[in-house]
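Colleague: build the 3D model from these lines:
(2 chains)
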2 protein chains.
Amino acid sequence: MKATIVTIGDEILIGQIVDTNSGFIAKALDKIGVAVHEMISISDDKQHILDTFAKLQNQVDLVIITGGLGPTKDDITKHTFCEYFEDTLVVDATVLAHVTEIIEGFYKRPITQLNKDQALVPSKCIILHNKMGTAPGMWMKKAQTVFISLPGVPYEMKYLVDYEIIPKVVCEYERPYIIHKTILTYGEGESKIAERIEDWENNLPTFIKLAYLPNPGRVRLRLTARGTDKELLEKSIADNVTSLTQIIGDIIVGFDEDDTIEVVLGRLLTQQKKTIATAESCTGGKIAQMLSAVPGASNYFKGSVVSYATETKIKVLGIPEELIQKHSVVSAEVAKAMAISIQKLMQTDYAIATTGNAGPTKGDADAEVGTVFIALATADEVVVHEFNFGQPREKVIDRTVNKSMELLQKEILKFV
Amino acid sequence: MKATIVTIGDEILIGQIVDTNSGFIAKALDKIGVAVHEMISISDDKQHILDTFAKLQNQVDLVIITGGLGPTKDDITKHTFCEYFEDTLVVDATVLAHVTEIIEGFYKRPITQLNKDQALVPSKCIILHNKMGTAPGMWMKKAQTVFISLPGVPYEMKYLVDYEIIPKVVCEYERPYIIHKTILTYGEGESKIAERIEDWENNLPTFIKLAYLPNPGRVRLRLTARGTDKELLEKSIADNVTSLTQIIGDIIVGFDEDDTIEVVLGRLLTQQKKTIATAESCTGGKIAQMLSAVPGASNYFKGSVVSYATETKIKVLGIPEELIQKHSVVSAEVAKAMAISIQKLMQTDYAIATTGNAGPTKGDADAEVGTVFIALATADEVVVHEFNFGQPREKVIDRTVNKSMELLQKEILKFV
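Modeller: The predicted model follows:
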């Protein structure tokens, strides 16, 4: 079973917003064995939409469209739907009641004609009720292809995918098995890993595909098995992961496909009943924000001091002014003092401190742009690491955050 | 002049990574008047790539392809390029010297065959030299369509777009003028705005297009004028912005297309020589991170205390334990005390404090999931706002961050 995801909106084609909806939909389809053939972003233009529909007709089984369902004039998807399916718009009483409830009940505003128009749907469509907003999803079929239109607002789209579309597709279509297994590695580059596993890779069965997904300092290897015999696929994936681990076990840090490093860390810290705090200068609170974005983070994350200004390091973290004058704010000594201070202040088992110069200019520091110190305090010691993450600013910050997470994970794993 | 952007990679089609490259390229092309016709994501499959090239041949002037240029086996773009252009791969001496310099000079590793293979390029291509990495960009032309292949690593892709592709396109092609003007509003929904400006909208000239770009609590209106007479376009945009301001001036907060709220705030704070600090509970450092992500932030952002745990509020911010016991951590009183404390601690002009329950569970708080208090301290007073941002967690955090930024902006604008 094949699907294509279509995003409608000029704001995407001029780069004003990044389409994150397609990725969410793709992941949800992939999990139930629906292969995504293509993702296409097109303009808010009736003819462009019609041409795209015609091209996809009978090429794929499922076309999922997001965007173009809001209340204003630049939203034309619904009318184009009617034209493509030779249908007319009718008022749906259930949707109208729902829109009225949201506008008058929740927002306490009088309902307007534009609001009411959201209850207009093509007469032949199956309505996907949107509990998260006013625009309903629409499911229509022409020959063997189903076209589904969804609002572009992410929370509304996600709700309709999870609670309406996926259950309906699972119910109505037979699908092959797809099994993914992602192996997270760090410390070696793509070329180096490829050389180490060349023989293993050449011996993979034809129904298993390998992909390298590189990030700075971190490569994920993804195995994908596709077929009808679920047991065979599972066994083959498991066997190949075992043999891969024998070759590069030294750089493998995890296996779970959906795991981000902050989720892995959260799980480890919770299991071991350990706590963490951060003192952040160049990362500006990004480590804190990542740690706290995980549900249940209050079990292990106590907090952070973002000591962006030098005076904050002195006043809030209590770093001696002389130490800063002697070594500069971007130094191993200051990183170490920050880690010790925050660990003590928040009484945690672990503490991470970052200080560096992310650029573009030198700011308070003497250090070169790109120079970063990361200090990790544990029960026994404080270790300081020095890096040069180059440029630009965004990359220096991201790499500092990633490296901090990795150092912490490596430290915790010693005790697992 | 029309372009289509193609992203190659199974990892995008299964939703494992979100394609942010296309948005960057689209923005760069849009600025020089190249209209992006479509963005397409396709699989790492030779036939799929060839079919896509054939379909785009003569449909657009420019095809920009990212992904599939790394050193490993799952990267097949380069070979497919050769097949499509009936060409062969040859070693380019300049690229080889550059790859050798990076691997042996910077990484201090012996160069491998896989590294060397990065210097293989189609014999007929124009090489776009990649100072940020080992894989070069390639520019090839067939009939009237230029195909450009770029590495998928964002920093490398961005460098090649800014310093190689854009200058070359500007030099070699005539393009129409495209002028965008974005009007940032907040406080009213899409439908409400549409009703207020209906007459104005109906009177727009045909060469100006209006789009609504809604976000929770914030709607951007984008005007796009396209044509050959630059002066006419500029005058018409300016006139229409003036007449629009007469109608909805009360909800307009800014105009600059590329401005994010943190950039606007940074500019305002710098102009007025004011400083800011944050005390964050439910937002976990995200406000600090946004403020500090702006180059030059050290001029106005002093830092933050992320007081995720209740004990951190007591110990680091000095909030009286009795106050927390009496009102609960999620309360107007605690938000106010946090704002006053951080303003004093970091000696800033403004301070923002957030405390709320982002869910999914209640945690330390009595408050319902979605309840958030935002306190804003100025020289004269502390104002506390209460919200219910509903669910899920991600939305509560994002809306709290956005609303905090808006409240701060509104406050500063009083004095502009």
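Colleague: so what does A:Leu13 have for phi and psi?
Modeller: The phi and psi values for A:Leu13, taken as degrees, to the nearest 10, are phi -70, psi -20.
Colleague: ok, and the closest non-adjacent residue to it?
Modeller: B:Val36 (4.4 Å; Cβ to Cβ, 6 or more residues apart in numbering or on different chains). For every residue, glycine as well, the C-beta is placed using N, CA and C.
Colleague: now the element after the helix or strand hosting that neighbour, going C-ward?
Modeller: Per DSSP states H and E, B:Val36 falls inside strand B:35-42. Following strand B:35-42 in sequence order, the next helix or strand is helix B:46-56 (DSSP H and E).
Colleague: ok now the strand holding B:Val36, how far from the chain's centre?
Modeller: Distance of strand B:35-42 from the chain centroid (Cα atoms, centre = their mean, to the nearest Å) equals 18 Å.
Colleague: packing partners for it?
Modeller: The contact analysis (3 or more Cβ pairs under 8 Å, 6 or more residues apart in numbering or on different chains; DSSP states H and E) places strand B:35-42 against helix A:10-13, strand A:35-42, strand B:2-8, helix B:10-13, helix B:21-31, helix B:46-56.
Colleague: switch to 7 Å and redo it
Modeller: Packing partners of strand B:35-42 (3 or more Cβ pairs under 7 Å, 6 or more residues apart in numbering or on different chains; DSSP states H and E): helix A:10-13, strand A:35-42, strand B:2-8, helix B:21-31, helix B:46-56.
Colleague: quick one on the thing from earlier: for the residue nearest to A:Leu13, give the beta-bridge partners.
Modeller: Beta-bridge partners recorded for B:Val36 (DSSP bridges): B:Ala3.
Colleague: for chain A, what helix or strand is lowest in average pLDDT?
Modeller: Least confident element among the helices and strands of chain A, by mean pLDDT, DSSP states H and E: strand A:252-254 (a mean of 80).
Colleague: is any part of that one close to chain B?
Modeller: No. Judged by Cβ under 7 Å from any Cβ of the partner chain, strand A:252-254 makes no contact with chain B; its nearest approach is 14.5 Å.
Colleague: strand partners (parallel or antiparallel) of that strand?
Modeller: Strand A:252-254 sits in its sheet next to strand A:177-186 (antiparallel), going by DSSP bridges.
Colleague: next structured bit after the partner strand?
Modeller: helix A:190-196.
Colleague: may I see the buried residues of that next one?
Modeller: Within helix A:190-196, the residues that qualify as buried are A:190-194, A:196, counting by 16 or more other Cβ atoms under 10 Å in any protein chain shown.
Colleague: try stretch A:233-252
Modeller: Residues A:233, A:236-237, A:240, A:244, A:248, A:251-252 are the ones in stretch A:233-252 that count as buried (16+ other Cβ under 10 Å).
Colleague: so which of the buried residues of helix A:190-196 also contact chain B?
Modeller: Contacts with chain B within the buried residues of helix A:190-196, as defined by Cβ under 7 Å from any Cβ: A:190-191, A:194.
Colleague: closest to A:Val263 among the residues you listed?
Modeller: A:Glu190 (23.8 Å; Cβ to Cβ).
Colleague: rewinding a little: quick one, the strand holding B:Val36 and helix A:21-31 angle?
Modeller: 20 degrees (axes from the mean of the first three to the mean of the last three Cα atoms, to 10 degrees).
Colleague: follow-up on the earlier one: to A:Thr371, which of the helices and strands packed on strand B:35-42 lies closest?
Modeller: Checking those against A:Thr371 by Cβ to Cβ gives helix B:21-31 as the closest, at 26.8 Å.
Colleague: and A:Val63, that's in a strand?
Modeller: Yes. If the criterion is DSSP: H, G, I helix; E, B strand; the rest coil, then A:Val63 is within a strand.
Colleague: for it, give me its contacts.
Modeller: With contact set as Cβ atoms under 7 Å, 6 or more residues apart in numbering or on different chains, A:Val63 has these partners: A:4, A:6, A:56, A:145, A:147.
Colleague: starting at the chain centroid, how far to stretch A:227-243?
Modeller: Mean-position distance between stretch A:227-243 and its chain equals 27 Å (Cα atoms, centre = their mean).
Colleague: again but with stretch A:398-416, I slipped
Modeller: 19 Å.
Colleague: what does stretch A:321-333 contact?
Modeller: The contact list for stretch A:321-333, computed with Cβ under 7 Å, 6+ apart, reads A:310, A:313-314, A:334, A:337, A:355-357, A:364-367, A:371, A:373, A:384, A:386.
Colleague: redo that, cut-off 10 Å
Modeller: For stretch A:321-333, contacts defined as Cβ atoms under 10 Å, 6 or more residues apart in numbering or on different chains pick out A:281-282, A:307, A:309-311, A:313-315, A:319-320, A:334-338, A:355-357, A:362-368, A:371-375, A:382, A:384-386.
Colleague: of those residues, which belong to helices?
Modeller: Mapping those onto helices (DSSP state H) picks out A:310-311, A:313-315, A:334-338.
Colleague: in TSV: those residues, plus distance to A:Lys273.
Modeller: Below are the ones in helices among the contacts of stretch A:321-333 laid out as TSV (distance: Cβ to Cβ, whole Å):
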residue	distance to A:Lys273
A:Thr310	35
A:Glu311	36
A:Lys313	30
A:Ile314	33
A:Lys315	32
A:Val334	30
A:Ala335	27
A:Lys336	26
A:Ala337	27
A:Met338	25
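Colleague: near chain B, list only the ones from these.
Modeller: Applying Cβ under 10 Å from any Cβ of the partner chain, the subset of the ones in helices among the contacts of stretch A:321-333 adjacent to chain B comprises A:310-311, A:313, A:315.
Colleague: can I have the buried ones of the contacts of stretch A:321-333 as a PyMOL selection?
Modeller: A single PyMOL command is used to select the members of the contacts of stretch A:321-333 judged buried by 16+ other Cβ under 10 Å:
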select buried, chain A and resi 281+282+307+309+310+311+313+314+315+319+334+335+336+337+338+355+356+357+363+364+365+367+371+372+373+374+375+382+384
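Colleague: most widely separated two among the contacts of A:Val63?
Modeller: Pairwise distances across the contacts of A:Val63 peak at 12.1 Å for A:Val6 and A:Thr145 (criterion: Cβ to Cβ).
Colleague: higher neighbour count, these two?
Modeller: A:Val6 (25 against 18; other Cβ atoms under 10 Å in any protein chain shown).
Colleague: look at the more buried one and report its pLDDT.
Modeller: pLDDT for A:Val6: 97.
Colleague: okay but A:Leu265 is in contact with A:Ile276, surely?
Modeller: Yes. The criterion here is Cβ atoms under 10 Å, and A:Leu265 meets it with A:Ile276 at 8.0 Å.
Colleague: who has more neighbours, these two?
Modeller: A:Ile276 (27 against 24).
Colleague: that older thread, helix A:46-56 and the strand holding B:Val36, what's the angle between them?
Modeller: 20 degrees.
Colleague: follow-up on the earlier one: got the helices and strands packed on strand B:35-42 as JSON lines, with distance to A:Gly67 columns?
Modeller: Below are the helices and strands packed on strand B:35-42 laid out as JSON lines (distance: least, Cβ to Cβ, whole Å):
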{"stretch": "helix A:10-13", "distance to A:Gly67": "8"}
{"stretch": "strand A:35-42", "distance to A:Gly67": "9"}
{"stretch": "strand B:2-8", "distance to A:Gly67": "17"}
{"stretch": "helix B:21-31", "distance to A:Gly67": "15"}
{"stretch": "helix B:46-56", "distance to A:Gly67": "22"}
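Colleague: so which of these comes closest to A:Ser298?
Modeller: Between A:Ser298 and the helices and strands packed on strand B:35-42, the tightest spacing by Cβ to Cβ is seen for helix B:21-31, at 34.4 Å.
Colleague: how about the closest one: buried residues?
Modeller: Result for helix B:21-31 [16+ other Cβ under 10 Å]: buried residues B:21-30.
Colleague: let me know the closest of those residues to B:Lys414.
Modeller: Comparing the buried residues of helix B:21-31 against B:Lys414 with Cβ to Cβ places B:Lys27 closest, at 32.9 Å.
Colleague: and the residue nearest to the closest one when sequence neighbours are not counted, how many neighbours?
Modeller: Spatial nearest neighbour of B:Lys27, chain neighbours left out: A:Gly15 (3.0 Å); criterion: Cβ to Cβ, 6+ apart. Residues contacting A:Gly15 under the criterion other Cβ under 10 Å number 21.
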